[in-house]
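Peer 1: Take this sequence and fold it.
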Amino acid sequence: QVQLVESGGGLVQAGGSLRLSCAASGRTFGADDMAWFRQAPGKEREFVVGIKWSAGSTYYADSRKGRFTISRDTAKNTIYLQMNSLKPEDTAVYYCARRPSARSTFYYGPGQYDSWGQGTQVTVSS
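Peer 2: From the prediction side, this is the model:
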């Protein structure tokens, strides 16, 4: 079983930056999907960005391209989410998630992921 622990959230002014980290322990495999999702109050959980664990190929929701960057450090079993030019609408709880996979196809739906972190709050003030 994989355990995921997020960190790095906080309060930031609009236009600022934050970097979130997700430390994974337990088993991770080469083709696993790793992703960041977020959920704002009263809204559904939505995909933010994702990455294939070993290949490093990245996947972005269109609205986050150019502002958000996902990366990983396989030696540290950690993925990162660098968020720049933050907007008040980026305010949400951000979750790290893992989907076991042996294929190259990447999945964007939260229902496909079986391991989740506890979430970290990101608040962007205007």
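Peer 1: Show me what whichever helix or strand Arg98 is part of is packed up against.
Peer 2: Element membership of Arg98 [criterion: DSSP states H and E] is strand 92-99. Applying 3 or more C-beta pairs under 8 Å, 6 or more residues apart in numbering; DSSP states H and E, we find strand 92-99 packed against strand 3-7, strand 18-25, strand 33-39, strand 115-116, strand 120-125. Using the backbone N, CA and C atoms, a C-beta is placed for each residue, glycine as well.
Peer 1: Pick out the residue closest to the middle of this structure.
Peer 2: A centroid search over the chain (C-alpha atoms, centre = their mean) returns Trp36, at 1.8 Å, as the residue closest to the centre.
Peer 1: beta partners for that residue?
Peer 2: Beta-bridge pairing of Trp36 under DSSP bridges involves Val49, Cys96.
Peer 1: Surely it and Ser71 touch.
Peer 2: No - the criterion here is C-beta atoms under 8 Å, and Trp36 misses it with Ser71 at 11.3 Å.
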